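the following comprises the amino acid sequence and a computationally predicted model.
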Amino acid sequence: MMILTAPLAALGRATLAFFGLIGQVTLFALSALSHIFRPPFYGREFLMALFNIGWLSLPVVGLTAIFTGGALALQIYDGGSRFSAEAVVPQIVAIGMVRELGPVLVGLMVAARVTSSIAAEIATMKVTEQIDALTTLSTHPMKYLTAPRLLAALIVVPVLVGIGDIIGIYGGFVVGTKQLGFNPATYVQNTVDFLQRSDIVSSLIKGSVFGGISATMGCYYGMNSGRGAQGVGAATKASVQAAAVLILAANFLLTSLFFTS
């Protein structure tokens, strides 16, 4: 009998642990958001987070976007040629980058670079008892470590998404005009005419949500890391995995919200 019930018991424990983790992360995120709007404010930590999350992410965001836009143009042209619809390349590149590929790829790049960095930094501070020292000095760790990073991510990741969208569309423009034979003026005009304000707004909102997820996961797993080098490594790996999965899930929910009539 125990042999038959053991798998069910293991499944039940895993399910309870999963929902428990969701509850803990939700409470952590709400607490972090509440600390953003309450003094004291640590301007230096906020500016450093803006620089690290925003400026230092520009190279990887730009390279990812331009190659994605170029590859997207090639794929659409090849697929469209089967239906004599090669002319839709500018429009589909624009909507594909702005609605989906731009926000998602930027979010995943930020998760890979920023979430791992935040988790490793905070986990190392926990291992070396620097977080305990902050508490001893009457400095709330959530206020000093989490709130500035979360606020910076909420502000700067939409900017990165906007830049990524522009660079991705430019990558498609370069491939379309230099390799596929499109007229430059016509390509630009088709892109401008096809994009709507709702597409741009949805892209920026996705960027803000994805930035919040990335910063929250990095801070949460850093704050709750195990002891020692192994704990730091496990926290870093778990933070990136959780951020990537949540970004993709949030993208589906936001797409359903914005574009399902």
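Noted; the coordinates are in hand. This is a predicted model, so every value here is computed, not measured.

so after the longest helix anywhere in the chain, what's the next helix or strand?
When the chain is parsed with DSSP state H, its longest helix is helix 2-36. Counting by DSSP states H and E, the next helix or strand C-terminal to helix 2-36 is helix 43-53.

buried ones in the next helix or strand after that next one, by neighbour count?
Later in the chain than helix 43-53, the nearest helix or strand by DSSP H and E is helix 58-81. Applying a neighbour-count criterion of 16 or more other C-beta atoms under 10 Å, one finds 60-62, 64-66, 68-70, 72-73, 76-77 buried in helix 58-81. Yep, even glycine has a C-beta here, placed from its N, CA and C like the rest.

hmm, who's touching stretch 35-45?
For stretch 35-45, the external contacting residues (C-beta atoms under 8 Å, 6 or more residues apart in numbering) are 140, 142, 143, 144, 145, 146, 147, 148, 149, 150, 151.

of those residues - the most surrounded one?
Among these, the one with the most neighbours (other C-beta atoms under 10 Å) is residue 149, at 29 neighbours.

isn't that residue up against residue 50?
No: in this structure residue 149 lies outside contact range of residue 50 using C-beta atoms under 8 Å: 9.6 Å.

tell me the mean pLDDT over stretch 39-48?
Averaging pLDDT along stretch 39-48 yields 89.

cool, and stretch 122-135?
Average pLDDT, stretch 122-135: 86.

contacts for that stretch?
140-141, 144-145, 218-219, 221-223, 225, 227-229, 231-232, 235-236.

name the residues of it that come out as buried.
Buried residues in stretch 122-135, counted by 16+ other C-beta under 10 Å: 122, 123, 124, 125, 126, 127, 131, 134.

circling back: could you export the contacts of stretch 35-45 as TSV, including pLDDT and distance to residue 86?
Below are the contacts of stretch 35-45 laid out as TSV (pLDDT from 0 to 100; distance: C-beta to C-beta, whole Å):
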residue	pLDDT	distance to residue 86
140	85	58
142	89	54
143	89	55
144	88	55
145	89	52
146	91	50
147	92	50
148	93	49
149	94	45
150	94	45
151	94	45
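
nearest residue to the residue sitting nearest the centre point of the chain other than its sequence neighbours?
Centroid-nearest residue in the chain: residue 107, 2.4 Å away (criterion: C-alpha atoms, centre = their mean). Nearest residue to residue 107, sequence neighbours excluded (C-beta to C-beta, 6 or more residues apart in numbering): residue 210, at 3.2 Å.
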